[in-house]
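Participant: build me a structure from this.
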Amino acid sequence: MTASSGGVPVPTATELMAMISDERRRAADLVDTLTPAQLDTPSLCGAWTVRQVAAHLVAPFAARRRWFLPILLRSRLNLHEANARLAEMVARRPADQIAALLRANAETPYRVPRVGYFGQLTDLQVHGQDIRRPLGLPHELRPDRLRTSLDFLVDRRALGFFVSRGLTTGLRFEATDIGWASGAGRVVRGEAEAVMLALTGRRVVLAELSGDGVPVLRDRLTR
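Facilitator: Coordinates of the predicted model:
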């Protein structure tokens with residue numbers, strides 16, 4: 001991204017890594033508090049349980065290198081499917097090990113091609129909500145980090161990876177609690193956390209959004 005919204009400077013790589021490190025530690029602290037029943041609760045992320053979402057967050061550090069090629073081949077070179085298989089393998093570990101790995105690797109740099117640190121930060125925030133919302137836990141997300149992720153989600157690098165192609169066409173998204181907006185057309189407005197989850201395909205937040213663009217967004221998310 002080359003520009004920021006609302007005149008707020010785009011975070012540097014060092015600043016982004018500090019945000020990522022803190023979000024990983026927060027995720028580790030959260031996992032440490034969860035009961036077995038909570039860990040087995042369905043998350044907002046597809047068919048994954050809370051445990052599997054937590055495993056996904058630590059998979060880059062927990063997986064052995066020799067796993068990658070066989071998993072990728074079994075997934076017919078589909079990276080999303082391979083990533084899901086990898087998370088399910090890591091989820092077999094005890095929850096305290098998953099939390100410990102997140103904490104131990106809090107400051108480990110990890111840049112996914114194309115989406116980089118912005119993708120990592122967004123992944124942590126979105127999946128954190130995939131865990132917290134079904135469990136009725138408050139999110140306590142930081143406004144500056146939400147803004148950074150929203151800017152990323154409306155950037156072309158997020159298309160086809162975090163945001164479905166065509167989802168935002170002809171729509172203007174507004175996060176009313178942080179003074180953020182992007183796009184032109186029919187309006188979809190709500191709190192920043194809900195807008196972030198809507199952009200990443202979580203239909204559960206549709207009831208929390210308002211504006212004449214919500215019916216269009218609902219139709220696109222339920223196809």
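Participant: tell me the SS of Ser182?
Facilitator: With DSSP: H, G, I helix; E, B strand; the rest coil as the basis, Ser182 sits in strand.
Participant: show me the contacts for the closest residue to it other than its chain neighbours.
Facilitator: Spatial nearest neighbour of Ser182, chain neighbours left out: Val154 (4.4 Å); criterion: CB to CB, 6 or more residues apart in numbering. Every residue, glycine included, has its C-beta placed from N, CA and C. Contacts for Val154 (CB atoms under 8 Å, 6 or more residues apart in numbering) come out as 163, 168, 173, 182-183, 199.
Participant: need the buried ones from those residues selected in PyMOL.
Facilitator: To isolate the buried ones among those in PyMOL, judged by 16 or more other CB atoms under 10 Å, type:
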select buried, resi 163+168+173+182+183+199
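Participant: now distance to Arg147 too, for the contacts of Val154, in JSON lines please.
Facilitator: Output for the contacts of Val154, formatted as JSON lines (distance: CB to CB, whole Å):
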{"residue": "Val163", "distance to Arg147": "16"}
{"residue": "Thr168", "distance to Arg147": "17"}
{"residue": "Phe173", "distance to Arg147": "12"}
{"residue": "Ser182", "distance to Arg147": "11"}
{"residue": "Gly183", "distance to Arg147": "15"}
{"residue": "Leu199", "distance to Arg147": "13"}
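Participant: where do the helices of this structure begin and end?
Facilitator: 13-33, 36-39, 50-62, 65-74, 79-90, 95-104, 116-135, 143-153, 192-199, 214-221 (DSSP state H).
Participant: with respect to Leu206, which of those helices lies nearest?
Facilitator: Shortest distance between Leu206 and the helices of the chain, using CB to CB, is found for helix 214-221: 5.4 Å.
Participant: dump that closest one to CSV, restricted to CA.
Facilitator: Extracted C-alpha coordinates of helix 214-221, given in CSV (Å, rounded to 0.1, in the frame of the first residue of the first chain):
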residue,chain,number,x,y,z
VAL,A,214,-25.9,-4.2,3.1
PRO,A,215,-28.4,-6.1,0.9
VAL,A,216,-25.8,-6.2,-1.9
LEU,A,217,-23.1,-7.4,0.4
ARG,A,218,-25.5,-10.0,1.9
ASP,A,219,-26.2,-11.4,-1.5
ARG,A,220,-22.5,-11.6,-2.4
LEU,A,221,-21.6,-13.3,0.9
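Participant: so that helix versus helix 192-199, what angle?
Facilitator: For helix 214-221 against helix 192-199, the angle by axes from the mean of the first three to the mean of the last three CA atoms, to 10 degrees is 50 degrees.
Participant: distance from the chain centre to helix 214-221, please.
Facilitator: 20 Å (CA atoms, centre = their mean, to the nearest Å).
Participant: where does the prediction get shaky in the protein?
Facilitator: In the predicted model, the chain carries pLDDT under 70 at residues 1-6, 63-82.
Participant: tell me the one of the contacts of Val154 nearest Val31?
Facilitator: Leu199 (25.1 Å).
Participant: touching, the closest one and Ser164? I think so.
Facilitator: No: applying CB atoms under 8 Å, one finds Leu199 not in contact with Ser164, separated by 9.2 Å.
Participant: sounds good, over and out.
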